[in-house]
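K.L.:
please work out how this folds:
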Amino acid sequence: MTQTIQGVLERLDDPSRASTFLTGGERKSVSFAELRARAEEVTGKFLRSGLEPHDRVVMVIPDQAEFVELFLGVSNAGLVPVPIYPPFVLGELDAYGSHLRRIVAVSESKLLLCGPEVGDLLRPLAGEVRTATPDELEVEDAPRPLPKVKPEDIAFLQFTSGSTAAPKGVVVTQRSLLANVEAITDHLDDGHEERDHGVSWLPMYHDMGLIGQLMVSLGRQIPASYLAPLDFVRRPTAWCDLLHETKGTVSFGPNFAYSLVARRARDEDIERWDLSAWRVAGCGAEPIHADSLRLFAERLEPAGFSPKAFMPCYGLAEATLAVSMVPRCQGLRTKAVASDELRERGIAVEPAADEDAHEIAACGPPLPGHEVKVVNAAGSELPEGHEGEILARGPSVTAGYFGDRETTEKVFEDGWVRTGDLGFLADGELFVTGRDKDLIIFNGRNYHPQDIEWCAFEVPGVRRGNVVAFAEVGEDGERLVVVAERRSGGDPEAIEEGVRRRIRTVLGLKVHRLAVVEGGQLPKTSSGKLRRAETRAREASGALQKLNRPSGAPSGVAE
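P.N.:
Residues are numbered from 1 along each chain as shown. So this is what the prediction gives:
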């Protein structure tokens with residue numbers, strides 16, 4: 001396989017296969033041959049734009065079809081795209097503007113390229129950087145020559161989601177990008193690729209949508225249909241509508257998407273859907289909750305969905321995208337471990353009949369040509385079944401953070417990337433347990449915030465997937481604080497009582513302070529992940545509008 005986006009574009013020549021984009025009921029199909037021609041037109045314009053090879057171009061392009069043409073064209077011109085999410089909420093433009101200006105500054109970008117629908121919004125927010133829509137881009141008469149893009153050149157800057165820290169610009173090289181595409185492709189191929197059809201609603205500015213769906217599709221010239229992300233947000237079942245219509249075979253999504261569809265799908269939807277062609281249902285980008293996938297499979301099995309299609313995976317921007325994936329046709333597989341042993345000793349052992357168990361989804365073995373190891377705080381490699389920090393190595397590992405040598409040296413060492421995630425290996429497969437920085441410790445026992453949050457999700461009136469748990473230090477030690485969004489009409493006092501009771505019953509933890517807030521108050525990353533650090537800061541400063549009157553509790557662990 002080629003090692004540059006330029007090489008991928010050169011091979012796009014099939015007039016019979018197409019990318020199809022659906023937005024608000026409108027449909028636009030572009031054959032691969034036509035897509036190449038349109039991208040080359042964009043390239044010609046940028047060769048006359050006054051920009052030099054390797055200049056960075058921040059891209060805020062909401063329209064999926066336009067994004068693809070511009071991303072390929074900018075890359076082909078030897079420039080470096082910096083894709084970021086568009087502004088979604090008008091009331092948060094000041095915060096968005098601050099984020100945008102920081103990315104422009106960190107990436108040292110020479111141009112902010114924005115879609116016509118957001119151009120007027122972004123100009124006042126962009127600062128001094130040159131700003132233009134594609135139609136407004138000023139061009140010179142004499143073009144510079146088309147550069148020969150090399151594998152070691154930067155393909156794009158992927159700004160990390162910032163769920164635990166300020167966003168950083170990950171340097172994805174041409175070589176690491178196409179190595180990850182090739183590894184994913186090899187993993188997905190089953191010998192019948194001619195029948196494949198990809199389906200995605202994932203944003204193009206996020207690595208799972210950009211790499212896992214778009215670049216894999218283009219690299220294989222596999223037809224694909226792209227639903228606008230906001231259309232999925234408004235009606236999650238539109239994802240399965242499109243899979244049914246296209247006989248889609250490969251589609252990825254985070255855990256929350258499967259949970260949403262399982263809860264929103266009506267019986268009459270399931271009766272009319274035929275999802276029997278869906279052979280790879282990838283799941284990643286956030287912690288995988290087995291019960292969510294089981295519910296999805298149970299609800300959609302009458303529509304022909306096979307549980308064996310599930311392909312849990314693990315990855316991160318610093319490794320381009322994917323690190324490990326469950327093999328094809330094996331579906332969801334989990335490992336039950338004794339909760340106390342994992343929390344107190346960091347060891348994954350099978351629970352006794354009378355012990356509390358913690359179920360963890362397998363994320364598969366490392367991709368071909370890649371390695372994973374688990375280390376302790378001193379950096380020593382741990383044996384299988386011992387929890388520690390996950391490190392990854394292989395051709396997909398990126399070149400570090402743009403303009404940030406100090407952080408790069410801390411995270412990247414001897415070809416390995418420190419993921420900041422916790423997990424263990426068992427029978428050569430990776431099991432992810434949480435994030436090191438988010439770990440909550442009470443009385444010497446480790447608790448992953450995801451476990452606490454999942455407890456709260458089950459309480460009536462709580463918006464599933466919209467709970468944040470963290471610890472604060474008080475006079476009596478660490479204290480557990482929980483912030484939960486309510487569903488419309490939910491009783492704040494009943495929600496508080498239910499969340500406290502469930503966390504105490506299931507985990508034996510006492511909530512020191514619990515805030516119930518309206519939907520939409522919890523800060524999230526561009527990919528929908530909750531920002532725990534920012535939530536902690538907002539809760540402490542009183543910036544969250546609390547619907548209940550949280551009361552304190554003396555300690556973190558229940559009597």
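K.L.:
just give me the residue closest to the centre of this structure.
P.N.:
Ranked by distance to the mean C-alpha position of the chain (Cα atoms, centre = their mean), the top residue is Ala285 at 3.7 Å.
K.L.:
just say helix, strand or coil for that one.
P.N.:
coil (DSSP: H, G, I helix; E, B strand; the rest coil).
K.L.:
for Gly403, same thing?
P.N.:
Look at Gly403: counting by three-state DSSP, its state is coil.
K.L.:
quick one, what contacts the residue nearest to the centre of the chain?
P.N.:
206, 208, 254, 315, 527, 529 (Cβ atoms under 8 Å, 6 or more residues apart in numbering). C-betas here are computed from N, CA, C, even on glycine.
K.L.:
quick check, pLDDT for it.
P.N.:
Ala285 carries a pLDDT value of 82.
K.L.:
one step back: which residue in the contacts of Ala285 has the weakest pLDDT?
P.N.:
Scoring those by pLDDT puts Ser527 last, at 62.
K.L.:
Ala224 reaches Gln213, doesn't it?
P.N.:
Yes: contact criterion Cβ atoms under 8 Å: Ala224 and Gln213 qualify, at 6.7 Å.
K.L.:
what do the two both touch?
P.N.:
198, 200.
K.L.:
before we move on, the earlier item: how about TSV for the contacts of Ala285, with secondary structure and neighbour count added?
P.N.:
Shown next, in TSV, are the contacts of Ala285 (DSSP: H, G, I helix; E, B strand; the rest coil; neighbours: other Cβ atoms under 10 Å):
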residue	secondary structure	neighbour count
His206	coil	24
Met208	helix	22
Pro254	coil	22
Gly315	strand	25
Ser527	coil	21
Lys529	coil	18
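K.L.:
greatest separation within these: which pair is it?
P.N.:
Gly315 and Lys529 (13.5 Å; Cβ to Cβ).
K.L.:
any figure for the gap between the closest residue to Glu136 other than its chain neighbours and Pro86?
P.N.:
Nearest non-adjacent residue to Glu136, counting by Cβ to Cβ, 6 or more residues apart in numbering: Gly119, 7.6 Å away. Gly119 sits 11 Å away from Pro86 when distances are taken as Cβ to Cβ, to the nearest Å.
K.L.:
ok, Ala297 next?
P.N.:
From Ala297 across to Pro86, the span is 34 Å (Cβ to Cβ).
K.L.:
ok, now Trp273?
P.N.:
31 Å.
K.L.:
equivalent analysis for Glu518, please.
P.N.:
Look at Glu518 and Pro86: by Cβ to Cβ, they are 24 Å apart.
K.L.:
can you give me the mean pLDDT across stretch 85-103?
P.N.:
For stretch 85-103, the mean per-residue pLDDT is 79.
K.L.:
and it, which residues are buried?
P.N.:
By neighbour count on 16 or more other Cβ atoms under 10 Å, the buried set for stretch 85-103 is 85-87, 96-97, 99-101, 103.
K.L.:
adding distance to Asp436, write those out as TSV.
P.N.:
Formatted as TSV, the buried residues of stretch 85-103 follow (distance: Cβ to Cβ, whole Å):
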residue	distance to Asp436
Tyr85	26
Pro86	32
Pro87	32
Tyr96	29
Gly97	32
His99	25
Leu100	29
Arg101	30
Ile103	25
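K.L.:
among the residues you listed, which ones are in helices?
P.N.:
Cross-referencing those against helices under DSSP state H gives 96-97, 99-101, 103.
K.L.:
which among those gets closest to Thr133?
P.N.:
Nearest to Thr133 among those: Leu100, at 15.5 Å, using Cβ to Cβ.
K.L.:
what sits against the closest residue to the closest one other than its chain neighbours?
P.N.:
Closest residue in space to Leu100, ignoring its immediate chain neighbours: Leu125 at 5.8 Å, by Cβ to Cβ, 6+ apart. Listed by Cβ under 8 Å, 6+ apart, the contact partners of Leu125 are 93, 96-97, 100-101.
K.L.:
bridging residues for Phe21?
P.N.:
Here Phe21 sits in beta bridges with Lys28, Tyr226, going by DSSP bridges.
K.L.:
so how many other residues sit close to it?
P.N.:
Applying other Cβ atoms under 10 Å, we find 21 residues neighbouring Phe21.
K.L.:
got it, and the one 4 residues further on?
P.N.:
Gly25 is surrounded by 7 other residues when neighbours are defined as other Cβ under 10 Å.
K.L.:
again with the one 3 residues further on
P.N.:
Lys28 has 15 neighbouring residues, counting by other Cβ under 10 Å.
K.L.:
just checking, it touches Thr20?
P.N.:
Yes: here Lys28 reaches Thr20: they are 7.0 Å apart, a contact under Cβ under 8 Å.
K.L.:
just checking, Asp451 touches Asp356?
P.N.:
No: shown here, Asp451 and Asp356 do not form a contact pair, counting by Cβ under 8 Å, at 11.0 Å.
K.L.:
neighbour count winner among these two?
P.N.:
Asp451 (21 against 13).
K.L.:
residues touching that one, list them.
P.N.:
Contact partners of Asp451, counting by Cβ under 8 Å, 6+ apart, are 358, 434, 507.
K.L.:
what stretches of this structure score poorly on pLDDT?
P.N.:
1, 89-92, 161-167, 443-446, 474-477, 526-528, 550-559 (pLDDT under 70).
K.L.:
neighbouring strands of the longest strand along it in the sheet, and parallel or not?
P.N.:
Across the chain, the longest stretch assigned as strand under DSSP state E is strand 462-474. According to DSSP bridges, strand 462-474 forms sheet pairs with strand 477-486 (antiparallel).
K.L.:
tell me which helix or strand comes right after the partner strand.
P.N.:
Once the chain leaves strand 477-486, the next helix or strand it forms, by DSSP states H and E, is helix 492-507.
K.L.:
what's that next one packed up against?
P.N.:
Applying 3 or more Cβ pairs under 8 Å, 6 or more residues apart in numbering; DSSP states H and E, one finds that helix 492-507 makes contact with helix 449-457, strand 462-474, strand 477-486, strand 511-517.
K.L.:
distance from the chain centre to it, please.
P.N.:
Its chain's average C-alpha position is 29 Å from that of helix 492-507, according to Cα atoms, centre = their mean, to the nearest Å.
K.L.:
could you dump that helix to PDB, C-alpha only?
P.N.:
Provided in PDB are the C-alpha atoms of helix 492-507 (Å, rounded to 0.1, in the frame of the first residue of the first chain):
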ATOM      1  CA  PRO A 492     -33.600  16.400  41.100                       C
ATOM      2  CA  GLU A 493     -34.100  15.200  44.700                       C
ATOM      3  CA  ALA A 494     -35.200  11.700  43.600                       C
ATOM      4  CA  ILE A 495     -32.100  11.500  41.300                       C
ATOM      5  CA  GLU A 496     -29.800  12.500  44.100                       C
ATOM      6  CA  GLU A 497     -31.200  10.000  46.400                       C
ATOM      7  CA  GLY A 498     -31.200   7.200  43.800                       C
ATOM      8  CA  VAL A 499     -27.600   7.900  42.700                       C
ATOM      9  CA  ARG A 500     -26.300   8.000  46.300                       C
ATOM     10  CA  ARG A 501     -28.100   4.800  47.100                       C
ATOM     11  CA  ARG A 502     -26.900   2.900  44.000                       C
ATOM     12  CA  ILE A 503     -23.300   3.900  44.400                       C
ATOM     13  CA  ARG A 504     -23.300   2.900  48.000                       C
ATOM     14  CA  THR A 505     -25.100  -0.400  47.300                       C
ATOM     15  CA  VAL A 506     -23.000  -1.500  44.300                       C
ATOM     16  CA  LEU A 507     -19.500  -0.100  45.200                       C
END
